[in-house]
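A.B. asks: Sharing a model that was predicted from the sequence below.
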Amino acid sequence: MKNQYVVLTGGKNNAGDYLIKHRVRELLTALRPDRVVIDYDAWKPLNTEQLQIINESRALILAGGPALQYKMRPSIYPLTEDLNAIKVPIILMGVGWKSLEGSWAATYDYPLSDATLELLKKIDASGHVSSVRDYHTLNSLLNHGIKNVVMTGCPALYSLKHIKAPVAYPAEVQNVSFSMGVSFVENKGMEKSMKETIVKLRELFCDKNLKVVFHHSLSLKLLQNAYKGKEDFAHKHQQFAEWLRVQNIDFVDISGSVESMINHYKDCDLHIGYRVHAHILMNSWSKPSVLLNEDGRGRALKDVIGGLIVDGYAYKRPSKKFLPRVLRKLKLTQSQSFVADSALPENLVANLQYEIKNQYPRISQTRNAIDLHFNRMEEFIKQLP
């Protein structure tokens, strides 16, 4: 047995996935200097050599991201066909659910496949505590009988040099970033809302540097390499970028690496937008950020760190009738799961003005919450085998 961990992480194109990978390595290196960290791509089946290295390690750690999904195995973690081939403890570290609805009630019957439950039961029976990134994920697991779990928050929340450091927000906001969501790809109402919000923010920050940020690539070729069947996804992003050009609004593509993400947001004074990990990164640095929700990840995060997190949508459960299902599958009708909040642009501006005028009363709550949850993350990492 070697003093090492094998960690499975995402990181194909989305900038936030690279941030998780980066922060997991930082945390393990700092808090478990007695262990070497080996990183493999989570979405690839384990080969014979990798399996041998895993079985020589202290643990296999499945880290971060919205991995708790119906087909967590094999879609997120293909691992091996026979789980018994993995001889060491498998441990979750800061994984989260992925729910469009996002309500607490949705945690009671969160669907998981038999293959996923087989993996989770093996993890639960390992004798070692696993961690999740929010209380909604925790409750979803508890309702499936998976109880050997603690809520640590997302690994990306923790910038070690900022833990318990005083909050010092900028006296004047100069550089403002708006991070793009993805729900506009399938829903015209969400696209309209995002565009109206960007225009309102340009009016509000007319004498500042406003930049729209894409966390997924604008390159069709890069997206095809990272994800199969993403042509429509890329085209919609390219069309949105063209709209920004026509509106003379600056934008940037930070996909593909943690360096691009960090280099952009380190110069940002205020973030507003839909990317959960842009919000997490800014809060980890004690920088002001407002998250606009387009699914349950942001709703769950609000219960962990508080702050200013606003729903940009209402969820409407899709019809299960045959014809609507067929039309959606054939993409002959727009997804109606998202109903955009038409009041969002005006409401967001009013709340931003209040926060800035009053020295960020809600936004500043997040520092204490992150520090408190770091204690649990630290305990979790130190008790790893």
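C.D. replies: Structure's in. What do you need?

A.B. asks: tell me the domain boundaries of this structure?
C.D. replies: With automatic domain parsing serving as the domain definition, the record reports that the chain contains domains spanning 4-158+370-382, 175-368.

A.B. asks: mean pLDDT lowest for which of the ones you listed?
C.D. replies: Least confident of the domains of the chain, judged by mean pLDDT, is domain 175-368 with a mean of 88.

A.B. asks: Okay, helices next: where are they in the stretch 101-250 of the chain?
C.D. replies: Assignment of helices within the stretch 101-250 of the chain using DSSP state H, counting those that start in this stretch yields the ranges 114-124, 135-142, 188-204, 220-226, 231-246.

A.B. asks: can you list the residues that contact the shortest one?
C.D. replies: The set of residues that contact helix 220-226 without belonging to it, under CB atoms under 8 Å, 6 or more residues apart in numbering, is 12, 13, 216, 217, 230, 231, 233, 234, 235, 238, 255, 256. Glycine gets a C-beta too; all of them are placed from N, C-alpha and C.

A.B. asks: Could you give the number of residues near the fifth one?
C.D. replies: In terms of burial, residue 230 registers 19 neighbours under the definition other CB atoms under 10 Å.

A.B. asks: contacting residues for it?
C.D. replies: With contacts defined as CB under 8 Å, 6+ apart, the neighbours of residue 230 are 223, 224.

A.B. asks: Compute the distance between it and residue 9, please.
C.D. replies: The gap separating residue 230 from residue 9 is 20 Å, by CB to CB, to the nearest Å.

A.B. asks: Please apply the same query to the last one.
C.D. replies: From residue 256 across to residue 9, the span is 15 Å (CB to CB).

A.B. asks: Looking at these two, which one has more neighbours?
C.D. replies: For residue 256 versus residue 9, neighbours defined as other CB under 10 Å are more numerous around residue 9 (24 against 20).

A.B. asks: For that one, give me phi and psi.
C.D. replies: phi -130, psi 160 (degrees, to the nearest 10).

A.B. asks: if you skip the residues just before and after it, what's nearest to it?
C.D. replies: Excluding its sequence neighbours, the residue lying closest to residue 9 (CB to CB, 6 or more residues apart in numbering) is residue 21, at 4.2 Å.

A.B. asks: can you check residue 28 too?
C.D. replies: residue 37 (5.0 Å).

A.B. asks: Provide the secondary structure category for that neighbour.
C.D. replies: strand (DSSP: H, G, I helix; E, B strand; the rest coil).

A.B. asks: can you count the residues close to it?
C.D. replies: 16.

A.B. asks: for residue 365, same thing?
C.D. replies: A total of 16 residues lie near residue 365 under the criterion other CB under 10 Å.

A.B. asks: my read: residue 290 touches residue 352, true?
C.D. replies: Yes. Distance between residue 290 and residue 352: 6.7 Å, which falls inside the contact criterion (CB atoms under 8 Å).

A.B. asks: Now for the two: what residues contact both?
C.D. replies: Joint contacts of residue 290 and residue 352 (CB under 8 Å, 6+ apart) are residue 272.

A.B. asks: Test my guess that residue 307 contacts residue 361.
C.D. replies: No. Using CB under 8 Å as the test, residue 307 is too far from residue 361 to be in contact (10.4 Å).

A.B. asks: The two - which one has more neighbours?
C.D. replies: residue 307 (23 against 11).

A.B. asks: before we move on, back to that, next one: the residue nearest to residue 28 from residue 86, what distance?
C.D. replies: For residue 37, the distance to residue 86 under the criterion CB to CB works out to 18 Å.

A.B. asks: Figure out which of the domains of the chain is closest to residue 166.
C.D. replies: Checking these against residue 166 by CB to CB gives domain 175-368 as the closest, at 8.1 Å.

A.B. asks: got a list of what the residue lying closest to residue 351 once chain neighbours are set aside touches?
C.D. replies: With sequence-adjacent residues excluded and distances taken as CB to CB, 6+ apart, residue 351 is closest to residue 308, at 6.7 Å. Remark: with contacts taken as CB under 8 Å, 6+ apart, residue 308 is in contact with 289, 290, 291, 351, 355, 362, 363.
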